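**Q** quick one, what's the 3D model for this:
(one chain, ligands or ions: 2)
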Amino acid sequence: MKQLKTDICVIGAGSGGLSVASGAAQLGANVVLIESGEMGGDCLNRGCVPSKALIAAAAHAHSRGAGAQFGIAPVEPEVDFAKVMEHVHRTIATIAPHDSQERFEDLGVKVIRARGRFVSEDEVEAQGTRIKARRFVIATGSRPVAPRIEGLDGVDYLTNETLFDLRERPDHLVVLGGGPIGIEMAQAFRRLGSRVSVVEAGKIMGREDPDLVEVVRARLLAEGVELHEDASVERVRAGEAGDSAVTLDLSEGSVSGSHLLVATGRAPVTDTLDLEKARVLATRTGIHVTDELRTTNRRVYAIGDVAGQGQFTHLAGYHASQVVRRILFSVPAKVRPNIIPRVTYTAPELAYIGLTEAQCREEYGGNFQVTTLPLSRNDRAIATQQTDGMVKVLTSMGRPVGVGIVGPGAGDLIGIWALAMAKGLKMSDIAGMVAAYPTLAETTKQAAGAYFSPRLFDNPTLKRAVGFVQRWLP
Ligand SMILES: Cc1cc2nc3c(=O)[nH]c(=O)nc-3n(C[C@H](O)[C@H](O)[C@H](O)COP(=O)(O)OP(=O)(O)OC[C@H]3O[C@@H](n4cnc5c(N)ncnc54)[C@H](O)[C@@H]3O)c2cc1C
Ligand SMILES: NC(=O)c1ccc[n+]([C@@H]2O[C@H](COP(=O)([O-])OP(=O)(O)OC[C@H]3O[C@@H](n4cnc5c(N)ncnc54)[C@H](O)[C@@H]3O)[C@@H](O)[C@H]2O)c1
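**A** Ligands and ions are numbered 1, 2, ... in the order given. This next block holds a predicted model:
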C-alpha cells in the first residue's frame, strides 16, 4: 500500500470539493483530491449546467410563438431535439476543462480517480493509496431519491442522472415532484414541444412564498403544463409503449405518459465513506456539522449538499471558502444561512434570500414590514411586456431581512440584495443608489422607494416641517 502525507485531503470533486482544492492549492497548501466519478460532480454533468442549457434552448423555442403582442406573427418552432441535446452536451464540454483533472494537476493538486473511504480517524484509502492528512473535507454531494410507491421499481423512469441522455423528445413527460428540478424541467420540455404533466404531493415550489409562486403557476398553466397538486400517487403501472407507457394511479383519477421523470428530492451521499471509522456522525439529512462546518471529528469538515444545509452550487462554493479560511488561516468562519440566495430558473424566474414571512413573524412578532412592488410599475418591464411579477421586501428596523423576486432576470436582480444583506445595508442605502433608466435593476431602488413613500408622503409632521423651512429659505 502506497502512503501519502498531505495538508488537506478533499473527497469529491464537485462544486464544493473543487473550490476547496483550487483555493487551498493556490494559497500554497498540499492537497489530495479524490473523485470516484466525473470531475465537476453533479452541477457540471447532471445538474445546473445541462438544465440551464436546456432551458436556454426552450426559451428560444418559446419565443418563436410569443411575438404576437409585439406585432410579430407567431410561428410554430421546429425543434430538432437531438440537436438541442447536442447543444446541452457542448455546453458541458465547454465548461469541463475548468473542472478537469489536468487543470487541477497544473495547480499542483494530487488527483486520485477512485472511491475514497476512511480507514481511521486521520486516514483515507483510495486506489491502493493510504492518505494521512492534517484536515479532511468531505464534499460527496447528493443523489436522487425515489419515493416508496407500489410499482415504481417495476417501470423505467428518468432522474437527473439519465434525463440529459435522451436523444428523442418525450411525447408526454410525466414529472413526479414539483420542486425546482421538476418545475424547471416541466416548463423546458413543454416549451420544446412535449406534453407535460406534473404530479406533486403538496403545492408546486412548496418552499417558496405563495404570492411569488402564483405568478409562476399561472405562466405554467398558460403554457399548457398540466398540474396535479395535492396529489397522492397510490401505484405506478407500466403500460403499452407510447402515451401510456407509464401510468400513475392517484387517489382520484390517473395520469399516463410516455416517460416518467422522478424529481422528488435528493439524499446526501454518506454511504460510500465508511464514516464510522472516522467517528463522523451522519443522519438521513446529512453529515452533522457545526456552524463552522466541522464534523464530530475535529480534523474533518463537510461542505455542500452532503452537509445537509441546502443544495446549491453557490452554497457549496461559499462553504468551500469558509473552510479554506478556517483550515489555512485559523480564522473564525461561521456560515450565515441568511445571506444565501436561491433561484428557480423558470420563466419568470423566482429568486429569494433571507427570512420568509413566517420566519419573520417568529423572529420579530409584528415588528416587520412587507413592501411589494409590482413589475407593472417598471418602465422596462412595460416596454418588454414582462410585467407579470413583483419584488417583495421584508424589512425590520429599516433593513431588508428577506427579499423575493418573481420576474425576468430575478436571479440576477437578487444579487444586489444579497450584497445589501451580507453587508447589513439599510433601505436608505438602497434608495440612494442610482440605477440606469430604463432597467429592471431599477426595481431594487423602486422597491426601496415604495418602502419610504408612505413614511415620506403620508407624513403630516414632515409636511409641516417642510412648509416651515420653506418660509425661511431665501
Ligand atoms: C437537475 C439539477 C439542477 C440543478 N440546478 C442548480 C442550479 O441551477 N443552481 C444551483 O445552485 N444548484 C443547482 N443544482 C444543485 C447543485 O448541482 C448541487 O448543489 C451541487 O452540485 C452540490 O455540489 P457538491 O460539491 O456538494 O456535490 P457534487 O457536485 O454532487 O459532487 C460530489 C462528488 O463527490 C463524488 N463522490 C461521492 N462519493 C465519493 C467517494 N466516496 N469518493 C470519491 N468521490 C466521491 C461524486 O462522484 C461527485 O462527483 C442542481 C441539481 C440538479 C440535480
Ligand atoms: N435552480 C436551482 O438552484 C436548482 C434547480 C434544481 C435543483 N436544485 C437543488 O436540488 C434539490 C433537489 O431538487 P428536487 O426538485 O428533486 O427536490 P425538492 O425536495 O426540492 O422537491 C421535491 C418535490 O417532490 C415532492 N414529492 C416528494 N415525494 C412525492 C410523491 N411521492 N409524490 C408527489 N410528489 C412528491 C415534494 O413535495 C417536493 O415538492 C433542490 O432542493 C435544490 O436545492 C436547485
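**Q** from here on, contacts and neighbour counts on C-alpha atoms
**A** Will do.
**Q** surely residue 8 is in a strand?
**A** Yes. Counting by DSSP: H, G, I helix; E, B strand; the rest coil, residue 8 is part of a strand.
**Q** what bridges to it?
**A** In this entry, residue 8 is beta-bridged to residue 31, residue 135, by DSSP bridges.
**Q** around ligand 2, which positions in the stretch 1-150 of the chain sit nearby?
**A** Taking C-alpha under 6 Å from any ligand atom as the contact definition, the stretch 1-150 of the chain meets ligand 2 at residue 147.
**Q** remind me which residues of the stretch 151-300 of the chain are low pLDDT?
**A** Along the stretch 151-300 of the chain, the model assigns pLDDT under 70 to no residue.
**Q** ok, now the stretch 1-150 of the chain?
**A** By pLDDT under 70, the stretch 1-150 of the chain has no low-scoring segment.
**Q** which residues of it fall in strands?
**A** Counting by DSSP state E, counting those that start in this stretch, the stretch 1-150 of the chain has strands at residues 2-11, 31-34, 110-112, 117-120, 123-126, 129-138, 142-144.
**Q** tell me if the third one is near ligand 1.
**A** It stands for strand 110-112. No. Counting by C-alpha under 6 Å from any ligand atom, ligand 1 is not contacted by strand 110-112; separation bottoms out at 8.6 Å.
**Q** give me the domain ranges for this protein.
**A** Using automatic domain parsing, the domain parsing of the chain gives 2-39+100-143+267-335, 152-264, 340-457.
**Q** can I get those domains in TSV including mean neighbour count and distance to residue 76?
**A** Formatted as TSV, these follow (neighbours: other C-alpha atoms under 10 Å; distance: least, C-alpha to C-alpha, whole Å):
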stretch	mean neighbour count	distance to residue 76
domain 2-39+100-143+267-335	20	35
domain 152-264	19	10
domain 340-457	18	19
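**Q** closest one to residue 473 among those?
**A** The closest of the domains of the chain to residue 473 is domain 340-457. By C-alpha to C-alpha, the value is 20.6 Å.
**Q** ends of the closest one, how far apart?
**A** One end of domain 340-457 to the other measures 34 Å (C-alpha to C-alpha, to the nearest Å).
**Q** one more: stretch 148-155?
**A** OK, stretch 148-155 end separation, C-alpha to C-alpha: 13 Å.
**Q** what's the answer for stretch 62-75, then?
**A** Start and end residues of stretch 62-75 are separated by 10 Å (C-alpha to C-alpha).
**Q** identify the residue spatially nearest to the residue in the stretch 1-150 of the chain positioned nearest to ligand 2, adjacent ones excluded.
**A** As assessed by C-alpha to the nearest ligand atom, ligand 2 sits closest to residue 147 within the stretch 1-150 of the chain, at 5.2 Å. Spatial nearest neighbour of residue 147, excluding adjacent residues (C-alpha to C-alpha, 6 or more residues apart in numbering): residue 264 at 7.0 Å.
**Q** wait, what's in contact with that neighbour?
**A** 144, 145, 146, 147, 176, 177, 178, 179, 182 (C-alpha atoms under 8 Å, 6 or more residues apart in numbering).
**Q** for residue 394, phi and psi?
**A** phi -100, psi 130 (degrees, to the nearest 10).
**Q** take the strands of the stretch 1-150 of the chain and lay them out in a markdown table including distance to residue 163.
**A** Below are these laid out as a markdown table (distance: least, C-alpha to C-alpha, whole Å):
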| stretch | distance to residue 163 |
| --- | --- |
| strand 2-11 | 26 |
| strand 31-34 | 26 |
| strand 110-112 | 28 |
| strand 117-120 | 29 |
| strand 123-126 | 30 |
| strand 129-138 | 27 |
| strand 142-144 | 12 |
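**Q** among the contacts of residue 264, which are in helices?
**A** Taking DSSP state H, the ones among the contacts of residue 264 that sit in helices are residue 182.
**Q** is it possible to get JSON lines of the contacts of residue 264 that adds distance to ligand 1?
**A** Shown next, in JSON lines, are the contacts of residue 264 (distance: C-alpha to the nearest ligand atom, whole Å):
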{"residue": "144", "distance to ligand 1": "7"}
{"residue": "145", "distance to ligand 1": "11"}
{"residue": "146", "distance to ligand 1": "13"}
{"residue": "147", "distance to ligand 1": "16"}
{"residue": "176", "distance to ligand 1": "14"}
{"residue": "177", "distance to ligand 1": "12"}
{"residue": "178", "distance to ligand 1": "13"}
{"residue": "179", "distance to ligand 1": "11"}
{"residue": "182", "distance to ligand 1": "8"}
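**Q** helices of the stretch 1-150 of the chain, start to end?
**A** Here the stretch 1-150 of the chain has its helices, by DSSP state H, counting those that start in this stretch, at 15-26, 41-46, 48-64, 81-95, 101-106.
**Q** now render those helices as TSV, adding distance to residue 350.
**A** TSV is the format used below for the helices of the stretch 1-150 of the chain (distance: least, C-alpha to C-alpha, whole Å):
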stretch	distance to residue 350
helix 15-26	22
helix 41-46	19
helix 48-64	14
helix 81-95	23
helix 101-106	34
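**Q** with distance to ligand 1 added, can I get the ones you listed in TSV?
**A** Formatted as TSV, those follow (distance: least, C-alpha to the nearest ligand atom, whole Å):
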stretch	distance to ligand 1
helix 15-26	4
helix 41-46	3
helix 48-64	3
helix 81-95	13
helix 101-106	12
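**Q** do you know which of these lies nearest residue 387?
**A** helix 48-64 (16.3 Å).
**Q** mind listing what's buried in the closest one?
**A** Residues of helix 48-64 classed as buried: 48-59, 61-62, 64 (neighbour count, 16 or more other C-alpha atoms under 10 Å).
**Q** list the contacts of it.
**A** Here helix 48-64 makes contact (C-alpha under 8 Å, 6+ apart) with 42-44, 74-79, 84-85, 87-89, 91-92, 164, 184-185, 188-189, 191-192, 345.
**Q** what does the stretch 101-250 of the chain put close to ligand 1?
**A** Counting by C-alpha under 6 Å from any ligand atom, the residues of the stretch 101-250 of the chain that sit close to ligand 1 are 114, 115, 116, 117, 139, 140, 141, 142, 160, 181.
**Q** one more: the stretch 301-450 of the chain?
**A** Proximity of the stretch 301-450 of the chain to ligand 1, by C-alpha under 6 Å from any ligand atom, involves residues 304, 305, 306, 311, 312, 313, 314, 316.
**Q** find the nearest non-adjacent residue to the fourth one, please.
**A** If I follow you right, that is residue 311. Excluding the flanking residues, the one nearest residue 311 by C-alpha to C-alpha, 6+ apart is residue 305, at 4.9 Å.
**Q** which of the residues of the stretch 301-450 of the chain next to ligand 1 sit farthest apart?
**A** Longest span within those, C-alpha to C-alpha: 306 and 314, 14.0 Å.
**Q** isn't residue 279 right up against residue 297?
**A** Yes. Counting by C-alpha atoms under 8 Å, residue 297 is a contact partner of residue 279 at 6.0 Å.
**Q** anything in contact with each of those two?
**A** residue 121.
**Q** tell me the spacing between the residue of the stretch 1-150 of the chain closest to ligand 2 and residue 270.
**A** 19 Å.
**Q** so residue 363 sits in a helix?
**A** Yes. Under three-state DSSP, residue 363 sits within a helix.
**Q** and the helix or strand where residue 400 lies, anywhere near ligand 2?
**A** Element membership for residue 400, per DSSP states H and E: strand 399-407. No. Strand 399-407 does not reach ligand 2 (C-alpha under 6 Å from any ligand atom); its nearest approach is 13.3 Å.
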